[in-house]
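Trainee: I would like the atomic coordinates for the input below:
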Amino acid sequence: MKKKLVFGVICLAIISAVIVFGDMINTDNSKNSDVFHIRLADPSIYENGLFQESFDITKGEYEFRFVPNGDSPKTLTITLLGEYFSFSEDFDLKGTPHQTDISLYYTWDYDGPKKIQVFEDQQILIEINPNGNLVGSVSLELIPIK
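Mentor: Below you'll find the predicted structure:
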């Protein structure tokens, strides 16, 4: 039994390392350079429960990417406003269970439309509302699709 437990812990550690480091190795930074990136983990970055920031964006297709965990806000409301662009959506946190011989673990992601199309170069105001969960951490980036 002890050998089985040690073997399971080693397998879980290897799988975790492959997931974490494999994504970093296979990332082509010239293709995936983000237009916007924020790690929401500190209540002091919010004003009246909202995070707001402006950034420049060029014409093209973009995709939201999230790095959530089980403590992340259950719903993130993301609004993008520009002179020629408007987008607002509620993204709901979903956990997917994974059963192994020795444990149950979850992977997390947000459900919602993750791709947007911008038709004109412009400045965008992003507003992120964690709907009251100011301490649950999540990273969000907006990257171009090439």
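
Trainee: contacting residues for the residue nearest the centre of the chain?
Mentor: Relative to the mean C-alpha position of the chain, the nearest C-alpha, by CA atoms, centre = their mean, is the one of residue 66, at 0.9 Å. With contact taken as CB atoms under 8 Å, 6 or more residues apart in numbering, residue 66 is in contact with 76, 91, 109-110, 138-140. Every residue, glycine included, has its C-beta placed from N, CA and C.

Trainee: so which of the residues you listed is the most crowded?
Mentor: Of all these, the highest neighbour tally under other CB atoms under 10 Å goes to residue 76, namely 26 neighbours.

Trainee: nearest spatial neighbour of it, skipping sequence neighbours?
Mentor: Closest residue to residue 76 apart from its sequence neighbours, by CB to CB, 6 or more residues apart in numbering: residue 91 at 4.6 Å.

Trainee: my read is that the one you found contacts residue 110, right?
Mentor: Yes - between residue 91 and residue 110 there is a contact at 3.8 Å, judged by CB atoms under 8 Å.

Trainee: overlap in contacts, these two.
Mentor: 64, 66, 76.

Trainee: phi, psi for residue 43 please.
Mentor: Here is the backbone geometry of residue 43 (degrees, to the nearest 10): phi -60, psi -20.

Trainee: so what's the residue nearest to it when sequence neighbours are not counted up against?
Mentor: Closest residue to residue 43 apart from its sequence neighbours, by CB to CB, 6+ apart: residue 134 at 4.0 Å. Contacts for residue 134 were tallied using CB under 8 Å, 6+ apart; they are 43, 46, 49.

Trainee: now residue 134, what's its secondary structure?
Mentor: coil (DSSP: H, G, I helix; E, B strand; the rest coil).

Trainee: can you read off the backbone torsions of it?
Mentor: Per-residue torsions, residue 134: phi -90, psi -10 (degrees, to the nearest 10).

Trainee: surely residue 142 touches residue 33?
Mentor: No - using CB under 8 Å, residue 142 is not in contact with residue 33; the gap is 10.8 Å.
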